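In: I'd like to go over a predicted model; first the sequence, then the structure.
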Amino acid sequence: MSATAVHSLWTTAAEVEPLGKIPTPHIEYAQLAPVLIVVGAAVLGILVEAFVPRRARYYTQLFLTTVALAAAFAAVVGLAAGGYGTTEKQIAAMGAIAVDGPALFLQGTILLASLVSVFTFAERRLDPAAHGNRIDSFAAEAAAVPGSEHEKAAVKAGFTTTEVFPLVLFAITGMLVFPAANDLLTLFIALEVFSLPLYLLCAVARRKRLMSQEAAVKYFLLGAFSSAFLLFGIALVYGYAGSVSYARIADVVEGSVRTIDPALADTMGNDALLLIGGALILMGLLFKVGAVPFHMWTPDVYQGAPTPVTGFMAAATKVAAFGALLRLLYVALPGLAWDWQPVMWAIAIVTMLGGAIVAITQTDIKRLLAYSSIAHAGFILAGVIATTPEGISSVLFYLLAYSFVTIGAFAVVTLVRDAGGEATHLSKWAGLGRRSPLVAAVFAVFLLAFAGIPLTSGFAGKFAVFKAAAEGGAGALVVVGVISSAIAAFFYIRVIVLMFFSEPKPEGPTVAVPSPLTMTTIGVGVAVTLVLGLAPQYFLDLASQAGVFVR
Amino acid sequence: MSFPILTATAVLPAVGAIVTAAVPAARRTAAKWVALLFSLATLVMAAIVLVRFEPGGDRYQLTESHAWIADFGVRYELGVDGIGVVMVALTALLIPFVILAGWHDADPVETKSSRWRPTQGFFALILMVEAMVVLSFEATDVFLFYILFEAMLIPMYFLIGGFGDRAHSGTDENAAAQRSYAAVKFLLYNLAGGLIMLAAVIGLYVVAGSFSLSEIAEARASGSLDMATTTERLLFLGFFFAFAIKAPLWPLHTWLPNAMGEATAPVAVLITAVVDKVGTFAMLRFCLQLFPEASKWATPVIIVLALVSIVYGALLAVGQRDIKRLIAYASVSHFGFIVLGIFAMTSQGQSGATLYMVNHGLSTAALMLVAGFLISRRGSRLIADYGGVQKVAPVLAGTFLIGGLATLSLPGLAPFVSEFLVLVGTFAAYPVAGIIATFGIVLAALYTLVLYQRTMTGPVKTEVRTMPDLKVRELAVVAPLIALLLFLGVFPKPLTEIINPAVEHTMSDVQKQDPRPDVEAAK
């Protein structure tokens, strides 16, 4: 970089924006209402932990969380009804947050998915009561060393980790901002806001605590790496474009920027900054999405985390991360499409095939679902690559369909239990169809939806992304997708075989009778799966109306 | 708007399935009667469709069309041509026999927990399959057809895997393992085919911009839709692959003997006489209509595959020791004839192939169901375990013989007419293929008669000595089928009258005319 360019960097800056004239940020509170409601409730939740007596905390927190999520969803619906998804879309909070169709659609999906998965957080009837206290899936006292006297005392005293409710609300806050983030810094902050609570939530399982803590450490370490990559990428892209705003970056990438000062003129020519920076940012997002080769954490974390958290994470994180990925690629880097498309092609192919093939060898139901979620990430990437409006709307629809199937499936996993808690080893599921036909049938519906069998939401979603990909010129990707679906079908079918065609083992697990909370979760999951499979038209319309980004 | 009779024909069994499944666990017999009544009502409905269908009228009749998923360009479009209406009738006709023949197949062995209701499940699944198969014969929207084509695998899969044949040689555990192997093999083969087809379905939409059979055909005829040769061939292959697995055509047939061997006899009939027909039907309706040029391009290879199916299936049938597997390989051979007739691209060949679908359904149902009665009496599927049955149970042996003779296409029985038509049609276009196919008939005589000789004649085996003859319920299954075989063998005209106009439409799709007889060519 020449001396004049560096010089001009601060002289022009000083001339244009003298220090005394920093404007007060203008915040559109109404348009940010969904996020503000959730974060407000999270803060209240912490106060509840501090001031409300221990016995009343569970109910207070559950009430607060449910009401906040419902209110936030109502706010999203209100904004959408006000046309913010279509005609009135705009950029709020000084360019930091976009209020547009994809953002509102995904926020709505995240809020609904969170609402039903919070019910599984609150489930307290699956395990027999210990010392006269009802217990949930979370450790009595997370800080107590597993197996210590301290832990036993906490269990005996009937402590419960009601902190999970404010934690999940904070995570949801981050997830709501993530797909709406309209500059790179907001993107990074949102990522951290939802990641940190998730690391904690992974660590607080009541049973198999060491495994849970191990999962959390793995998730945290790898997550920290990916955050660092993301941040480094942001720095490089800022170095290239001189701005973190998506619109500005897009202009610079396309070369359509109006005022080029000498500093920008100097960095703009340096494609290495842009390409390496863009790749690093993508890496960070693909890590959250769980795409091969950034998927290594997925099986361990999914297996170790408390199952309600796994379900929440698998659904909501994926929705948020794909939303952010879509916005980054479609709003900030469309001018770079020729460069990122081949890379994404390769990633989509290895993700679809890798997830499907490795899943075949799994013997634990949670790990199996983890690899299945990797394969699904590949299918969604096929829609992302389409770079057409149909591509956006198909991804939105897929995310909606997928999140409810996932939450439902993990909710069923929490029901199948033996003496050691959840019986997640596949061999224990043998003959489940004979013992509890209804539970097995419901799980079979979810598995068929995962496999993309017609008349389920999984098929409608898969068809939508494949169609978008084919129309976007990625026919080969569709063929690979179809082949990996065939491979994936094998292990879904294997579980069904195990449940229905194997004789039940005498010492097999029992199916716990859940409270109406988990029943609601599973019921909603089944209903959404079937409705989106049989009559998806309304939701496809919604997704295609919502399929335009603001810039 | 007129009464949507085609929808009703499919909805009726679907409702029946739900009602049957909802019958309380203890009322097993009631569930059976409910299922039977619904299947009979469907038969009545199908008969009405058959009567209201005018052979000389429009190509697709009784059409229905409703918006469904506009975003995918999908409409709920139904309509039947002469081929479809006959297939609907065949399906509706066979299901009551399947239900009646499987009356005791799903009775629980011991009283399990009260929530496990195998009987209700068994009959509900059969009706579910019927609903989907009927609707797939009626669908004129490619997407709707695809959905049904895939979805019918699921109930079928549970029928194969969940309700195996109790007659087996090994231990219980061994049998369960074999059964679930057969069910998984069935599902994976067909699912793989279906998913390849999915890629082709999407590709078709990208190229044609519509899923409607009539719209695409119109666009092709008017020249507004011009497919590149390679595209058309790839799409054709995608569709054909799925149908060839379903049909099943050599070398994609290997799932059929497993599935038919392990399933109960009525379910085996359901597989080969009903569900597999969707494959050959779809070749006629979709492959030839949507991709005429590619169909002609692929004809030589497909004819060779069909010939291999005919001869190879028959040879393997000769070598079988298991009665049900023998019938399965015989079916592979027969499906070879059907495919041969379709792709001979002559009107006799295609009429014969369509007629063959019906007759094969009837004859295999008769043979397989009687074989099922036989097997359930002795508890073994092995041919070597039988001998001299005709002395102990003459009616059973007699019906078995008629079923067998129908399978080998004895003149006077219905399959003779169709096999003759297929061969005549093939000779006209591909004489060498015709000659090779004729060997299939010789081999059919061999495997059927050897099967009869080894099981029914000779000295009476000790285990067979107390074997009871056919009961009333079993006679009620077999007698109508045999009567139909005899009737259609002597007087096939009612069927051919319905089928022929539809075949002519298909022939004009592929722009083929029958080759003129050699005498005229010599002039």
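Out: It's in. Predicted model, so just to flag it, every value in this text is computed and none were measured. Numbering: from 1, shown residues only, chains lettered A, B, ... in the order given.
In: got any ranges where the chain has weak pLDDT?
Out: All of this refers to chain A. A:1-21 (pLDDT under 70).
In: that's the wrong chain, I wanted chain B
Out: For chain B, the stretches with pLDDT under 70 are B:1, B:108-116, B:164-173, B:512-523.
In: how distant is the longest helix seen in it from the center of its chain?
Out: For chain B, the longest helix by residue count, based on DSSP state H, is helix B:172-208. A distance of 17 Å separates the centroid of the chain from that of helix B:172-208, by Cα atoms, centre = their mean, to the nearest Å.
In: The one residue in the stretch 251-400 of chain A that gets nearest to chain B in helix, strand or coil?
Out: Taking Cβ to the nearest Cβ, chain B has its nearest neighbour within the stretch 251-400 of chain A at residue A:393, 8.1 Å off. From N, CA and C alone the C-beta is placed, and that goes for glycine too. When classified by DSSP: H, G, I helix; E, B strand; the rest coil, residue A:393 comes out as helix.
In: Can you get me a residue count around it?
Out: 27 (other Cβ atoms under 10 Å in any protein chain shown).
In: wait, what's in contact with it?
Out: Listed by Cβ atoms under 8 Å, 6 or more residues apart in numbering or on different chains, the contact set of residue A:393 reads A:464, A:468, A:540, A:543, A:544, A:546, A:547.
In: Out of those, which comes closest to chain B?
Out: Closest approach to chain B among those (Cβ to the nearest Cβ): residue A:540, at 3.9 Å.
In: Can you list the buried residues in the helix or strand that contains residue A:493?
Out: With secondary structure defined by DSSP states H and E, residue A:493 is part of helix A:475-501. For helix A:475-501, a neighbour-count test (16 or more other Cβ atoms under 10 Å in any protein chain shown) marks A:475, A:477-501 as buried.
In: likewise stretch A:85-94?
Out: A:85, A:89, A:91, A:92, A:93.
In: With distance to residue B:76 and secondary structure as extra columns, can I get these in a markdown table?
Out: Formatted as a markdown table, the buried residues of stretch A:85-94 follow (distance: Cβ to Cβ, whole Å; DSSP: H, G, I helix; E, B strand; the rest coil):
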| residue | distance to residue B:76 | secondary structure |
| --- | --- | --- |
| A:85 | 29 | coil |
| A:89 | 34 | coil |
| A:91 | 42 | strand |
| A:92 | 43 | strand |
| A:93 | 46 | coil |
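In: Reformat the residues you listed into a markdown table and put distance to chain B next to each item.
Out: A markdown table is the format used below for those (distance: Cβ to the nearest Cβ, whole Å):
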| residue | distance to chain B |
| --- | --- |
| A:85 | 17 |
| A:89 | 21 |
| A:91 | 28 |
| A:92 | 30 |
| A:93 | 33 |
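In: follow-up on the earlier one: now for the contacts of residue A:393: which two are most distant?
Out: The span of the contacts of residue A:393, defined through Cβ to Cβ, is set by A:468 and A:546 at 14.6 Å.
In: Pick out whichever of the two has more residues nearby.
Out: residue A:468 (28 against 24).
In: pretty sure that one is touching residue A:387, no?
Out: No. Using Cβ atoms under 8 Å, residue A:468 makes no contact with residue A:387, being 9.5 Å away.
In: is chain B contacted by the helix holding residue A:493?
Out: Yes. Shown here: helix A:475-501 in contact with chain B (Cβ under 8 Å from any Cβ of the partner chain) through A:475, A:478-479, A:482-483, A:485-486, A:489-490, A:493-494, A:497, A:500-501.
In: who's in contact with the residue lying closest to residue B:142 once chain neighbours are set aside?
Out: Closest residue to residue B:142 apart from its sequence neighbours, by Cβ to Cβ, 6 or more residues apart in numbering or on different chains: residue B:211 at 4.5 Å. For residue B:211, the contact set (Cβ under 8 Å, 6+ apart) comprises B:72, B:73, B:74, B:75, B:141, B:142, B:143, B:144, B:201, B:204, B:205.
In: Of those, which belong to strands?
Out: The strands, defined by DSSP state E, take in B:74, B:75 from the contacts of residue B:211.
In: so which of the contacts of residue B:211 would you say is closest to residue B:186?
Out: The closest of those, once distances to residue B:186 are taken by Cβ to Cβ, is residue B:201, at 21.6 Å.
In: which strands and helices sit next to the strand or helix carrying residue A:212?
Out: Secondary structure from DSSP H and E places residue A:212 in helix A:209-241. Secondary-structure packing of helix A:209-241 (3 or more Cβ pairs under 8 Å, 6 or more residues apart in numbering or on different chains; DSSP states H and E): helix A:184-202, helix A:246-254, helix A:262-268, helix A:271-289, helix A:297-304.
In: Just say which of those helices is most tucked in.
Out: Among the helices and strands packed on helix A:209-241, helix A:297-304 has the highest mean neighbour count (mean count of other Cβ atoms under 10 Å in any protein chain shown), at a mean of 24.
In: packing partners for that one?
Out: Under the contact definition 3+ Cβ pairs under 8 Å, 6+ apart, helix A:297-304 sits against helix A:209-241, helix A:307-312, helix A:365-385.
In: Pull the distance from that helix to the chain's centre.
Out: Relative to its chain's centre, helix A:297-304 lies at 14 Å (Cα atoms, centre = their mean).
In: repeat for stretch B:3-17
Out: With Cα atoms, centre = their mean, you get 20 Å for stretch B:3-17.
In: now stretch A:483-494
Out: Counting by Cα atoms, centre = their mean, stretch A:483-494 is centred 24 Å from the centre of its parent chain.
In: ditto for stretch A:524-538
Out: 20 Å.
In: which residues are contacting it?
Out: A:116, A:397, A:400-401, A:404-405, A:407-409, A:411, A:442, A:445-446, A:449, A:454-461, A:539, B:67-71.
In: Over to stretch A:34-47?
Out: Residues outside stretch A:34-47 that contact it (Cβ under 8 Å, 6+ apart): A:29, A:61, A:64-65, A:67-69, A:71-73, A:75-76, A:79, A:97, A:107, A:111, A:165-166, A:169-170, A:172-173, A:176-177, A:180.
In: Near residue A:36, how many other residues are there?
Out: For residue A:36, the neighbour count with other Cβ under 10 Å is 17.
In: quick one: what helix or strand has it in it?
Out: Counting by DSSP H and E, residue A:36 is found in helix A:33-51.
In: What residues of that helix count as buried?
Out: Using 16+ other Cβ under 10 Å as the burial criterion, the residues of helix A:33-51 that qualify are A:33-42, A:44-45, A:48-49.
In: can you check stretch B:389-399 too?
Out: B:389, B:390, B:391, B:392, B:393, B:395, B:396, B:397, B:398, B:399.
In: Identify the residue nearest residue 48 in space, chain neighbours excluded?
Out: Since no chain was named, I'll use chain A. In space, residue A:48 comes closest to residue A:60 once its chain neighbours are excluded; the distance is 5.2 Å by Cβ to Cβ, 6+ apart.
In: To clarify, I was referring to chain B.
Out: Among residues not flanking residue B:48 along the chain, residue B:5 sits closest, at 6.4 Å (Cβ to Cβ, 6+ apart).
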